[in-house]
Each structure stands twice: as C-alpha cells, then as structure tokens.
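> coordinates only, sequence not included:
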C-alpha cells in the first residue's frame, strides 16, 4: 500500500468515525427526548432498554427495570401474555388498554403499542413497547362526565320550571276567563 | 493507594477500549454517590496525570486500555469500594452500555449471547480475546476464557460482575464466577456461568 493509499484510508476512517459519533449523539438524544414511555423487550419478555420517560412514569430507576420481566410491571397477569404473543405473531399490537404499576404499586392506566424487530433472516429478536399514559385522558373523561351530570340536573330543573310556568300560566288564564276577562298568556286556549 | 509507578505501569498496557465503559462507570458513581462522588474520582485521576472528562467521552470512541483500569482504580480508591461494590458496578455496566444497545438483537437466548461473545469482545476491545469453552443449556452452565489480557485484579472483579450482567439480560437468575485468573498464575482468566432454566 502506498503512502497516498494509506492517507486516503485514514481519511475514510476518520470520516466514518465522525459519522459514528454523530449517530451516537442522535440516538442518545432521541432516546432521552421521546416523551412517550418506551422499552425494548427481548423474545423472553425481559426488558433490555428503556427511555427516560418510562423511568419517570414508573418512578423506577433504569438499573432496576433493565433485566426484569416486563410481566412483573403489569397490574393484571393476563395482559402481558396477550401483548407478548400477539406481537410475536402479528409483529405489532395497537393501543391495548391495561395498567402498569409504579414504584409504590399504584396502578397507572396505559395504552400499550408494540412493534417487532427482526434480524436479516426474518426471526423475531425483540420488540419496542410504548406505554401511553391514559390518566390525563381518563381524568378529562371523568370531568366531562361530571359536567354532563350537572348539565342534566340543571336541564331537569329548567324543564321542570318551564313546565310549572306553563301550568301556572294556564291557571292564570283559566281564572281570568272565569272573571270574564281576556286570557293573558295564551289567548287561543 | 496507587503510586506514580503503579499508574505508569498500568498505562503501558497495550490496546484500546470503547468509551462506553467510562460512561457506565460515571453513571454508576453518580447514581450511588452523586456528582460529588464522580468529582472525587476525577480529582484522583487529575492527580495521577491522566484526567477523564466523563461528560465528553464518546461511547464509540477508542481510549487506552490502561485508562480503563485507572477509571476503576480512581473510583474504587476515592470512594473506598469493596469487592462487592466493584462487582455491582460491573453488574450494572451492560444496562448503560451504548454498544450493548446496538447488539440487543443478540440477546434472544443465553446460547446466542455467548456464541457471539468473541465478536462482542472485539467490538469493545482491541486487545485480548474471548473463547467459548463449554455451553450446556440443559444443565444451565457456560464456561468462557478471557485470554491475552492482564490488566489489574480490580478489572477481573469488575468483569465478573459485567459478565453476570450480560448473562442476566437473558437469564435473570444467572451467576458468574472467575475460576481461573492470570493474577493467580493461571494462563488465562476463566469464568463459569450458572443459571436455572
């Protein structure tokens, strides 16, 4: 190899190294930024990686989550086999509602979505799982339900009053007719 | 306490290691001892003439093998870590490793992980090599040998934890023990893994 060839090879290596560092930074930043709690799960159901959002959602350190079975973090024992098996069979699961447990054992309602990863031979090597926190949505639903109840109650009162007003108007008109005077509210009655 | 001669002898070790190992060290120290703990270790490294700015380390960059030992030594001495804590530091290592993140497709079974152990080692180190000696999934036993690398007894304890951490990414109850060590006169380091299927 000539000195020129060696220099060119070193240039290429330096370029590749630079691109590798860029990629490293990009992956690190994305994994730290993604506001959706996420985990990477192996075919045996073990958590191999998580993002910062999942750490925050569950209040459990990464070191305590990685290496643990994902099943241990669901509030219901039936859910994980369904998610795991459906993912391996269909390559994905979409918005399956369930509950996960935080560090204190409190249940957090979530919608789980998964996407399978395969190797070059098409074998499943693991999957990404995303956990959308449903607390805000459910809280909003509860608030809307409460408001609707209040509106219904108000509506019943308002309609009740309206009907009573109509009754009273009729009574007044009847009394006026008895007195030989013109009805006040509904001249056609 | 390590003297100047010990430090320079360590730095004369050949070979390089991926920066991801230093990031794992920093994460362990910050988690268990806070930023103040990491600063203590960095102070020691500065005093030895081989500073490490853990914030600027590139996971995929190459760094001197000797510096890897100094990082462990500085942390161990500055924070008075015992063997159990050094093992625990190794155990947590794979959980933070950017390089392991890139190799997650291998973590489908203990067999696949250790069949690829020689390749995984070469992605981390330019010195030493791993040989898979025995794999018996039915009995829950694997034996590997780490050859041509003799850095420091502290490194051996850390690697015992690290290999255990790797095995536990597929078998949560796996354990590893160093059964042969070049610092005890053996020709290589040997690690035996056990787990219950």
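Okay, I see it. Note that the coordinates shown come from a computational prediction; the quantities given were computed from them, not determined experimentally.

> Return the helix or strand in chain B with minimum mean pLDDT.
For chain B, the helix or strand with the lowest mean confidence is helix B:98-102, at a mean of 82 (criterion: mean pLDDT, DSSP states H and E).

> what helices or strands is that helix leaning on?
Applying 3 or more CB pairs under 8 Å, 6 or more residues apart in numbering or on different chains; DSSP states H and E, one finds that helix B:98-102 makes contact with helix A:3-33, helix B:20-47. Bear in mind the C-beta positions are built from the backbone N, C-alpha and C, glycine included.

> List the buried residues for the first one?
In other words, helix A:3-33. Neighbour-count burial for helix A:3-33, counted by 16 or more other CB atoms under 10 Å in any protein chain shown, picks out A:24, A:31.

> now it and helix B:20-47, what's the angle there?
Using axes from the mean of the first three to the mean of the last three CA atoms, to 10 degrees, the direction of helix A:3-33 lies 100 degrees away from that of helix B:20-47.

> Helix A:3-33 and chain B in contact?
Yes. Applying CB under 8 Å from any CB of the partner chain, one finds helix A:3-33 touching chain B at A:17, A:20, A:21, A:24, A:27, A:28.

> any idea which helix or strand comes after that helix?
Next helix or strand after helix A:3-33 toward the C-terminus (DSSP states H and E): strand A:38-41.

> strands paired with that following strand, and their directions?
Next to strand A:38-41 in the sheet, as set by DSSP bridges, lie strand A:47-50 (antiparallel), strand A:124-133 (antiparallel).

> Could you single out the most deeply buried of those strands?
Among the strands paired with strand A:38-41, ranked by average contacts under mean count of other CB atoms under 10 Å in any protein chain shown, first place goes to strand A:47-50 (a mean of 23).

> And the strands in chain B?
With DSSP state E, the ranges of strands along chain B come out as B:16-18, B:62-64, B:129-136, B:141-147, B:175-180, B:189-194.

> could I get the ones you listed as a markdown table with distance to chain A?
A markdown table is the format used below for these (distance: least, CB to the nearest CB, whole Å):
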| stretch | distance to chain A |
| --- | --- |
| strand B:16-18 | 11 |
| strand B:62-64 | 9 |
| strand B:129-136 | 17 |
| strand B:141-147 | 16 |
| strand B:175-180 | 13 |
| strand B:189-194 | 15 |
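
> tell me the centre residue of chain B?
residue B:159 (4.1 Å; CA atoms, centre = their mean).

> Rounded mean pLDDT for stretch A:54-71, please.
When pLDDT is averaged over stretch A:54-71, the result is 94.

> Mind listing residues that contact it?
Identification of contacts with stretch A:54-71 by CB atoms under 8 Å, 6 or more residues apart in numbering or on different chains yields A:37-39, A:41, A:45-50, A:73, A:77, A:80-81, A:84, A:100-104, A:108, A:129, A:131, A:133, B:31, B:92, B:95-96, B:165, B:168-169, B:172.

> Was I right to think residue A:98 contacts residue A:74?
Yes. Here residue A:98 lies in contact with residue A:74, judged by CB atoms under 8 Å, at a distance of 6.1 Å.

> Now for the nearest residue to the residue nearest to the centre of chain B once chain neighbours are set aside, how many residues are close by?
Excluding its sequence neighbours, the residue lying closest to residue B:159 (CB to CB, 6 or more residues apart in numbering or on different chains) is residue B:90, at 6.3 Å. Other residues near residue B:90 number 25, with proximity taken as other CB atoms under 10 Å in any protein chain shown.

> Spell out which parts of chain B neighbour chain A.
Proximity of chain B to chain A, by CB under 8 Å from any CB, involves residues B:31, B:58-61, B:92, B:95-96, B:98, B:101, B:104-109, B:165, B:168-170, B:172.

> so where's chain A shaky on pLDDT?
A:187-189 (pLDDT under 70).

> I misspoke; the intended subject was chain B.
Flagging of chain B using pLDDT under 70 yields the residue ranges B:197.

> re earlier: residues making contact with the least confident helix or strand of chain B?
Contacts made with helix B:98-102 from outside it, assessed by CB under 8 Å, 6+ apart, are listed as A:24, A:27-28, A:49, B:18, B:20, B:23, B:59-60, B:94, B:123-124, B:166, B:169.
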